[in-house]
Every structure is written in structure tokens, then in C-alpha cells.
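In: how would this look folded up:
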Amino acid sequence: MCGIAGIVNIHHHNLQHAAIQSMTNRIAHRGPDAEGFFIDENIALGHRRLAIIDLSESANQPMSDHSNRYLIIFNGEIYNYQDIKAKLSDYPYRTDSDSEVILAAYAKWGTSCLKEFNGQFAFAIWDKIEKELFIARDCVGEKPLYYYLSSQHFVFGSEVRSLLVSGLVPKELDENLLPEFLMYQAPLDSHTLIRGVKQLKAGHFATIKGSEMKELPYWNYDEAKPSSDDIDLAKKKIKELFIDSIRLRMISDVPVGAFLSGGIDSSLVVACMAEISDKPVNTFSISFREKEYDESVFADQIATKYKTNHHKILIQPEEFLYAIDEILSAMDSPSSDGHNTYLVAKHTREKGIKVALSGLGGDELFAGYNKFMMYHKIMQNRWLLTIPGLIRKQFSNLILTTSKNHTRSKIADLLELKEWKLSTVYPELRRSYRKEEVNDLLVTKVNEDYIESKLADIDKSTCWMGKFSKCTIGELETYTRDVLLRDTDQMAMSHALEVRVPFFDYRLIEYTLSLPDAFKYPHTPKKLLVDAMKPLIPEEISNRKKMGFTFPMDHWLRNELAEMANQKLSYLADRKEFNSSAVKEKLTAFQKGDKRILWSRIWQLFVLSDWLQRNDL
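Out: So this is what the prediction gives:
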């Protein structure tokens, strides 16, 4: 796991050495073990290394292939690199690193090498002969890769902030994407809040030669094909795929630990790790004095069962409040969800752990969120759309005027839709702020919702999939990739901790998407997963009510953080992009206990304000 940065000068050879140095310095936290550069004619590459595989200096980057034609900078891990290396045994390897395996694979197969990789990655390969740059990002988008293309430069890197300090990217807020941020807690897909800066899409690669950039997909959801397996065979395959995913993600030349919340997903990760490892697994869990947020008793139970080397981290309000400036400064992109990961990653790294496995993804694949059942029930009741639109509109208005619940407001919005399908319903279920609220808060109004058109296209190409598989796709596209995974990366890497996510092995994703709804129907939490992995976790773990992993933010924002919240939201209210009165009304309503204003929505405005100020936007 590392940080990468690069500049391609398109029309001249006057490279700014200071620019690539500044870019690499800005991401030093991602790779404290080594620094490297390559500067030649119109290309500059920078790398910060967190040594995980092959700890020797010979594995530092930028790294050349044996012919000295190709040069790579790489962020991530290729978990199956040993299998690929065996297929390319005629290559004269000089290291034991997965980075060199990527070079060997690219030299042999070109862009088709991506079909061979099982991992989390973002990398760039420079062809010295063709003067062409090849960049790629993993299937799900676990690792970030941002870029900016102008008539003069192609600038890219692991963080937006790295691009901004280059001096080659204008510091301009793209106010047209503020509605998307408010609705989904993050800009989605290729979008960012910086004008002209984009993300390479997950499962895509691009080539840059001169001023021309071509971006193409190499993995899509339609890689999954309908399965004819019966339920018993499905359980068997899920277990095999999950255990193999754990096995691959435990390959490391440094100690590997695990986040253990005491929920189903992290408990299964730890159980499988314990079965595979010949040493006690290092596990880390967060506990709170506030019992309504504390899951540590369940984490303790799993730690005892599997004899792990368990570390319980007691988080008190004082620690969070003391660390809040650190947490906010760690946000490369503003997010309302990342503070959870920051402190557990900090304590994990302080114990000497460089790699930790996470249970993230189990809810998305195995119908763990209540939104799966909501979507299922909505689609089962599409007959409601036969009621005349005027009558449905009246019911919607009645709900909005009488409801004191955020969820019921979503029902009101659903009643006004002309069609109920993935592209219209799932965005409604996932929006933090409703469209009408966004239009109140911002000067720039919601026009077309990009994610609706993208989900419509995906819906057509996966028309055979069941409702729960469609929900999985909805989760990945509206929340998981651009909120959870991005937060995990930026918060963990602020402490130089690599987090690996076994549930997002592309083989497990494809197989789970291929299965019918009848196998996944959540009579009990994530029944298909739990049944497949029996008897690894006790029933009191698998059947208990889902708590979620969060801090007591509702209380803190009304008390310890109230003054800071007032300051942050006042700053937004004074900006030209926002309607001052609407921002102030939201905060006042929250402080008075309005149930429709969840703490996460106030925190969302809070972190956006801080991010805008820190980056001088």
C-alpha cells in the first residue's frame, strides 16, 4: 500500500521538479518507508512506499521491468501475484514483489493483464518507447486514482490534495456537484468537488498519449452470469470463495490484524483467519462507556472463542474531541462517515500492525441493510402506481406535513415517482438530503441526477438479476464505493495502515450477484452467509440486532461540539453557493430535537465547511 503521483507534460519538456516533489510530500503519510522519483523529458513519477510484500530496497518504486522499457508506480496489493508469477515463470524476476509481477504481466499481455489480477490497486505504467501512460483501478474501487487533464498537463495521484499542491491544477470548487454531495454524502463515480479533477472509474483503465486520453472498462456487473446451483451448492461455493479470499488477503511479509466489531461480518473474518493462521490473530475493537453504542461484549466473545490477541480500545468523548482536528485534516475528500475508521486505525497502527482485514461488504452482498427489505417491499407493491397521480400527490403532501420521521419523508417522495425501478427507487432510499431540501440549501439546483441514468443502464444490462442483487449494485454505486471504501482508504492510510476487504473479492461478488432472491431472503440477518459459514459464529452473534459502527455523534453535536457546529455552519451560510437562512434553519431544527434532522446530515455540512476552508476553495 502506497501513494502515487505523476505529471505528463503534453506540449513541452519543461518539467517542474518542484511540482512532483510537492505532490509526493503531500502523500508522505501513505508511505513512510521509502520515497522514489523518475523524471525524464515529459514525464515525472513519484512514489511513497508502505512496505508490505518484499521489504527489501530492491522493491522500491518507481520500478522498471527487466528490459527497462516499462516503469511502474503502484498503490495496493495483487493478492494472487504468486499464481500469476507461476504463469510467467520465464520472466527474469529481480524481486519478490507483486509490483514486478504487474510489470511482467503487462509486458506479456498488455491491458488484458487486468483480467488476471485479484486485488485492490491503482497504478500507472509508463512506456518509454511509445511515450504512453497506462493507468488502472481495481474492480470495486477500493483504491483511489484522481486525475486532471488540460491542454498542457495530465496530472494524477492517490489524493486530490496531492494534485492541488502541484500548482498545475486550479483550486476551484465545482458547485455543480454540491447537490450530489448533499444527496449521497460524496461525489459519485468519476466525480469530485474540484472543477476538472476526476476519478478513474472503478473497473476501468485508461491510456494517455499526447493530449489524447482513452478510458475503457475491463470489469462490469454483467461479468456475473445466472447460476443454476441449488441452495446447498451455493452455500458450499460461498464458503470456499470466502475462505480463499481470506487466505489471499493474509499473504504479507508483515503482521496482519483484523478489525473486530462483534457483528456477523467481522466475526466471520476473524474466525476464518484463526482457522488459517498458525499464530493468534491480532484483533482490535472499539468500546464506549455509552452502552447503547457499545458492542465490545460480542467482540470479546469472538476473541475468546478464537483465542485472538485482542485489543479493546475504549473511546471516550475527550479523545474524539481532542483528535477532531486530526480527523478533519485526514479527509482528502469530505465525508460524514470516516471518523469511525480514523481512531481504530490509529490504535491498530500504534500496536505495530501494518495490515488489517475488515468485515466491510458483508451487508452489501448478503442483504444486511434494512434498505434491501424496503426495496423488496416497494417493488412487490408497484400496483400502488395505478392510483391516479393527483391522489398520490395529495397523500405525499399529507405525509410531508405531518411526518416527524426522515424515513416517512422518503415514502412521500416515492409516492410521487412515475415509475418504481432500480434507477428511481434506490437513489431515493439512499439520499441523505432529499432533492427539495438540496434545492432549499443551495443556489445551484438539482438538475439531472447522474446516478439515476447510470443505474438505469446497469438495470438493463443485468435484467435477469434478482431484486437483492440489484440492491447490492445500488449500494455499491450510491454509498459503498464512494463513502465507505473512500473513507476506509483515506482514514486508515493517514496512519499508513493497509485495510483489506475480503468480502469484495470480485469472484465472491460475481457469484453472489448470480444467485436468486430466494437464497438471500433475509428471514434472519444475512441468512445465506451465516448458513454457509456455520458453525463458525455463535447464534447469539448471528441473530442479534444490528447496531452499526458509530460514535455517539448525536449527543456530541448537541453538546461538546455544538459551538464548533455553529461556527462551521455559519461559514457555509455566508458562502455564495448556499442559502443562508436554509442552512441556519437546519441547524436550529436539529438543536431543538427535530427527528427529521439526523446528526449525520448536520455532520455532513460540518465536514464540508471544514474541508472548503482547509483547501482554500
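In: Dig out what the closest residue in space to His17 that isn't next to it in sequence forms beta bridges with.
Out: Closest residue to His17 apart from its sequence neighbours, by CB to CB, 6 or more residues apart in numbering: Ile39 at 6.2 Å. C-beta here means a position set from N, CA and C on the backbone, and glycine is covered the same way. Counting by DSSP bridges, Ile39 forms beta bridges with Ala44.
In: What is the neighbour count of Ile39?
Out: Residues lying near Ile39 (other CB atoms under 10 Å) number 16.
In: swap in Pro217?
Out: For Pro217, using other CB under 10 Å, the count is 11.
In: Does the residue nearest to His17 touch Gln21 like I think?
Out: No: Ile39 is beyond contact range of Gln21, at 9.8 Å (criterion: CB atoms under 8 Å).
In: how near is Leu260 to Arg94?
Out: Distance from Leu260 to Arg94, counting by CB to CB, to the nearest Å: 39 Å.
In: neighbour count winner among the two?
Out: Per other CB under 10 Å, whichever of Leu260 and Arg94 has more neighbours is Leu260, with 34 against 13.
In: how about the nearest residue to that one, chain neighbours excluded?
Out: Thr283 (4.2 Å).
In: From His66, how far off is the residue nearest the centre of the chain?
Out: Nearest to the mean C-alpha position of the chain, by CA atoms, centre = their mean, lies Leu485 at 1.6 Å. Using CB to CB, Leu485 is found at 34 Å from His66.
In: Likewise for Val501?
Out: From Val501 across to His66, the span is 33 Å (CB to CB).
In: what about these two, which has more around it?
Out: Between Val501 and His66, Val501 has the larger neighbour count (other CB under 10 Å), namely 22 against 14.
In: Give me the pLDDT for that one.
Out: Looking at Val501, its pLDDT reads 98.
In: Over to the one 10 residues further on?
Out: Predicted confidence (pLDDT) for Tyr511: 98.
In: count of neighbours near it?
Out: Neighbour count for Tyr511, taken as other CB under 10 Å: 20.
In: That one sits in which helix or strand?
Out: Using DSSP states H and E, Tyr511 sits in helix 506-514.
In: That helix packs against which elements?
Out: helix 231-249, helix 362-365, helix 467-475 (3 or more CB pairs under 8 Å, 6 or more residues apart in numbering; DSSP states H and E).
In: which of those sits most buried?
Out: For the helices and strands packed on helix 506-514, average neighbour numbers computed from mean count of other CB atoms under 10 Å are highest in helix 362-365, which has a mean of 26.
In: Which other helices and strands does it contact?
Out: Applying 3+ CB pairs under 8 Å, 6+ apart, one finds that helix 362-365 contacts helix 264-276, helix 467-475, helix 506-514.
In: Restrict that helix to CA atoms and write it as PDB.
Out: Extracted in PDB, the C-alpha atoms of helix 362-365 (Å, rounded to 0.1, in the frame of the first residue of the first chain):
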ATOM      1  CA  GLY A 362     -21.000  -8.300   4.100                       C
ATOM      2  CA  ASP A 363     -24.100  -6.200   4.400                       C
ATOM      3  CA  GLU A 364     -23.900  -5.100   0.700                       C
ATOM      4  CA  LEU A 365     -23.500  -8.700  -0.600                       C
END
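In: Residues in contact with that helix: which ones?
Out: Contacts with helix 362-365, where a contact means CB atoms under 8 Å, 6 or more residues apart in numbering, come from 264-265, 268, 368-369, 472, 475-476, 480, 503, 508-509, 512, 526, 529.
In: what mean pLDDT does that helix have?
Out: Per-residue scores along helix 362-365 average to 96.
In: neighbouring contacts of the following helix or strand past that helix?
Out: Once the chain leaves helix 362-365, the next helix or strand it forms, by DSSP H and E, is helix 370-380. For helix 370-380, the surrounding residues in contact (CB under 8 Å, 6+ apart) are 367, 414, 420, 425-426, 429-430, 467-468, 470-471, 474-475, 517, 522.
In: Kindly recompute the last result at 7 Å.
Out: Under the criterion CB atoms under 7 Å, 6 or more residues apart in numbering, residues 414, 420, 425-426, 429, 467-468, 471, 522 lie in contact with helix 370-380.
In: Show me which residues of it are buried.
Out: By neighbour count on 16 or more other CB atoms under 10 Å, the buried set for helix 370-380 is 371-372, 374-376, 378.
In: ok so, going back, wait, is the residue nearest to Leu260 part of a strand?
Out: Yes: judged by DSSP: H, G, I helix; E, B strand; the rest coil, Thr283 forms part of a strand.
In: pretty sure it is touching Ser261, no?
Out: No: contact criterion CB atoms under 7 Å: Thr283 and Ser261 do not qualify, at 10.1 Å.
In: out of those two, which sits in the more crowded spot?
Out: The neighbour comparison of Thr283 against Ser261 (other CB under 10 Å) goes to Thr283, with 28 against 24.
In: Identify the bridge partners of that one.
Out: Ala258, His310.
In: quick one: contacts for it?
Out: Counting by CB under 7 Å, 6+ apart, Thr283 touches 257-258, 260, 270, 303, 308-311.
In: Look at Ser409 and report its pLDDT.
Out: Looking at Ser409, its pLDDT is 84.
In: That one and Leu598, how far apart?
Out: Ser409 sits at a distance of 11 Å from Leu598 (criterion: CB to CB).
In: Have a look at those two and say which one is more surrounded.
Out: Ser409 (20 against 16).
In: And the nearest residue to that one once chain neighbours are set aside, how far from Lys595?
Out: Spatial nearest neighbour of Ser409, excluding adjacent residues (CB to CB, 6+ apart): Ser403 at 5.8 Å. Ser403 sits 9 Å away from Lys595, going by CB to CB.
In: what does Glu364 give?
Out: 27 Å.
In: buried stuff in the helix holding Tyr511?
Out: 506, 508-514.
In: my guess is Tyr106 meets Tyr70, correct?
Out: Yes: the pair Tyr106 / Tyr70 is scored as a contact, 6.3 Å apart, by CB under 7 Å.
In: Pull the number of nearby residues for Ser56.
Out: 11.
In: And the pLDDT for it?
Out: Value for Ser56, per-residue pLDDT: 96.
In: Got the phi and psi for Leu357?
Out: phi -90, psi 150 (degrees, to the nearest 10).
In: cool, and Cys463?
Out: phi -60, psi -20.
In: Hmm, Met1 and Leu50 touching each other?
Out: Yes: at 4.6 Å, Leu50 counts as touching Met1 under the criterion of CB under 7 Å.
In: Spell out which residues are contacts of both of these two.
Out: Joint contacts of Leu50 and Met1 (CB under 7 Å, 6+ apart) are Glu498.
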